[in-house]
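>>> This is the structure alone, sequence omitted:
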DNA sequence: CATATTTGTAACAAACACGATTTCTTATTA
DNA sequence: TAATAAGAAATCGTGTTTGTTACAAATATG
């Protein structure tokens, strides 16, 4: 599984944006902090823009900034916006048609997956960007002392 | 994301085993129902054996069978035994050392991932193999009528 | 209006993970 | 001894993600 780390980079980026909610940051500035490539940042921001989490501005002085207040953006919003694939998957090839267990299994697994993923996003929904930023700043202060 | 479907095939296989808890099924028989390769089944069963979920027997009449009663095996047991990678991931390259947000972000994300994955496995823990088998047989009966 | 800046998008290579497959070894039953 | 079945290693093909380059589109500034 080429494990995607888009969620991690997305949360990191949004925490940066939450520091100064009115300012535009460029993809170059963000890429410098997240240690990735500006095009990767722009691709990620495109997903978040489509989800209404950020807004972008072309041209000089442009970049990306939050579209809502940090406390109005939950990690579940981020997860849903950027996660390309789900944590649990059905097999590529369906089970044998002659096996009664196999026939029922697909529906059963889909139900199980749905409940499990709801539990995951439900937990993520309990944390907002403002929680993340506060936590990060607190750690920074503690480390500085 | 090369999405692994080992959990799905694992649950399917264990449901087959739960049908006749005392009998050994061969990897060939299982592969025929799950529409995969016997070696794939044996690899998967090796993980489940290490977790104490199944036990194997070499030679004629051998194969694999459950090591515990179906109601003593939860889907969280299966998930933990076979899931090779986690649903959420840190970036490959760590963030810029000069960025205070980036420095704190790793620890914060690890905490978030841990809580989210606990929520996932917590939900999976609520279902046992005997629930899955009952559900499958009920669907089979309903479809037959 | 011209220029510089910045996002948006497409295309491509490299790295990586997973599944399928083959082959061989080991253990066990008859 | 022979047949059966798991165990383990090596290899191949495929699909996904990331990084990268190149270029088009939009916009602010002078």
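Noted; the coordinates are in hand. Keep in mind that what you see is a predicted model, and the values were worked out from it rather than measured.
>>> Kindly report the residues of chain A close to DNA strand D.
With C-beta under 7 Å from any atom of the strand as the criterion, chain A comes near DNA strand D at residues A:2-6, A:36-37, A:39-40, A:57-62, A:84-85. Where C-beta positions appear, they are placed from N, C-alpha and C, glycine not excepted.
>>> Out of those residues, which end up buried?
A:3, A:4, A:5, A:6, A:36 (16 or more other C-beta atoms under 10 Å in any protein chain shown).
>>> And those, which two are furthest apart?
The distance between the two most remote of these (C-beta to C-beta) is 15.1 Å, for A:3 and A:36.
>>> So which of the residues of chain A next to DNA strand D are in strands?
residue A:57 (DSSP state E).
>>> max-length helix in chain A?
Counting by DSSP state H, the longest helix found in chain A is helix A:100-124.
>>> Show me what that helix is packed up against.
The contact analysis (3 or more C-beta pairs under 8 Å, 6 or more residues apart in numbering or on different chains; DSSP states H and E) places helix A:100-124 against helix A:75-82, helix B:6-19, helix B:27-34, helix B:100-124, helix B:129-144.
>>> Can you add mean pLDDT and distance to DNA strand C and give those back as JSON lines?
Below are those laid out as JSON lines (pLDDT from 0 to 100; distance: least, C-beta to the nearest atom of the strand, whole Å):
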{"stretch": "helix A:75-82", "mean pLDDT": "98", "distance to DNA strand C": "14"}
{"stretch": "helix B:6-19", "mean pLDDT": "98", "distance to DNA strand C": "5"}
{"stretch": "helix B:27-34", "mean pLDDT": "97", "distance to DNA strand C": "8"}
{"stretch": "helix B:100-124", "mean pLDDT": "97", "distance to DNA strand C": "15"}
{"stretch": "helix B:129-144", "mean pLDDT": "94", "distance to DNA strand C": "19"}
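>>> Mean neighbour count, those: which tops it?
Among the helices and strands packed on helix A:100-124, judged by mean count of other C-beta atoms under 10 Å in any protein chain shown, the one packed with the most neighbours on average is helix B:6-19 (a mean of 23).
>>> what about it and chain A, touching?
Yes - applying C-beta under 8 Å from any C-beta of the partner chain, one finds that helix B:6-19 is in contact with chain A at B:7, B:8, B:9, B:11, B:12, B:15, B:16, B:19.
>>> Name the nearest residue to the third one, ignoring sequence neighbours.
Translated: residue B:9. Sequence neighbours aside, residue B:34 is the residue nearest to residue B:9 in space, at 5.3 Å (criterion: C-beta to C-beta, 6 or more residues apart in numbering or on different chains).
>>> restrict the residues of chain A next to DNA strand D to those near chain B?
Within the residues of chain A next to DNA strand D, those near chain B by C-beta under 8 Å from any C-beta are A:2, A:3, A:4, A:5, A:36, A:84, A:85.
>>> Which residue, other than its chain neighbours, is closest to the second one?
Yep, that's residue A:3 we're talking about. Residue A:3 sits nearest to residue B:89 (C-beta to C-beta, 6+ apart), 4.5 Å away.
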